[in-house]
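Colleague: 3D model of this:
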Amino acid sequence: MIYAPHAESGRRVVFVRGLELMARLGIHPHEKAGPQRIVLGVELVVQDDAAPAAVGPDDFRRVVDYARLVETAREVVAAGHVLLVETLAERVALAALADPRVERARVTVEKPDAFPDVGSVGVVVERVRGG
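Modeller: Numbers count the residues shown, from 1 in each chain. Sure, this is the predicted structure:
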């Protein structure tokens, strides 16, 4: 399920899809021995002050910077070994919620190389401001 913008309630969606990173992640000995490839996705529901019927100021300060979102995700992943994909996804979601304009964060962490006969395994978590 993908978030959808909602003009009447003043919300837009900011996303990052397909961010490939090397992560120190997992509970098994071979996972603890070295990093593995993950694919990260982040979707944010963000306050949109120009909605529903206006064009907001063409000013970078009014928007959530998806470049900063990518950098934040990279920093969370690089912070050290995490046992659970759930924990990693939760940390990325909470980091995204640090921006007060972000109301909801949904984070997907996929492990595409976990099984040779499976396209990907992983988890999706959602966190809500104040929730």
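Colleague: which parts of this protein are strands?
Modeller: 11-23, 36-47, 102-111, 121-128 (DSSP state E).
Colleague: tell me what the residue sitting nearest the centre point of the chain is bridged to.
Modeller: Geometric centre of the chain, nearest residue: Val42, 2.7 Å, by CA atoms, centre = their mean. Here Val42 sits in beta bridges with Val16, Val107, going by DSSP bridges.
Colleague: OK, contacts around Leu19?
Modeller: Going by CB atoms under 8 Å, 6 or more residues apart in numbering, Leu19 touches 39-42, 70, 73-74. Backbone N, C-alpha and C define where each C-beta goes, glycine included.
Colleague: will you turn the residues you listed into a markdown table that also has distance to Gly122?
Modeller: Shown next, in a markdown table, are those (distance: CB to CB, whole Å):
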| residue | distance to Gly122 |
| --- | --- |
| Val39 | 8 |
| Leu40 | 9 |
| Gly41 | 9 |
| Val42 | 13 |
| Val70 | 18 |
| Ala73 | 14 |
| Arg74 | 18 |
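Colleague: quick check: which of the strands of the chain is buried the most?
Modeller: Among the strands of the chain, strand 102-111 has the highest mean neighbour count (mean count of other CB atoms under 10 Å), at a mean of 22.
Colleague: export that strand as PDB, just CAs?
Modeller: Taking C-alpha atoms only, strand 102-111 is exported to PDB below (Å, rounded to 0.1, in the frame of the first residue of the first chain):
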ATOM      1  CA  VAL A 102       6.400  14.800   8.700                       C
ATOM      2  CA  GLU A 103       3.200  13.300  10.000                       C
ATOM      3  CA  ARG A 104       3.700   9.600   9.000                       C
ATOM      4  CA  ALA A 105       6.600   7.600   7.900                       C
ATOM      5  CA  ARG A 106       6.500   4.200   6.200                       C
ATOM      6  CA  VAL A 107       9.800   2.400   5.700                       C
ATOM      7  CA  THR A 108      10.500  -0.800   3.700                       C
ATOM      8  CA  VAL A 109      13.700  -2.700   4.200                       C
ATOM      9  CA  GLU A 110      14.300  -5.600   1.700                       C
ATOM     10  CA  LYS A 111      17.000  -8.200   1.700                       C
END
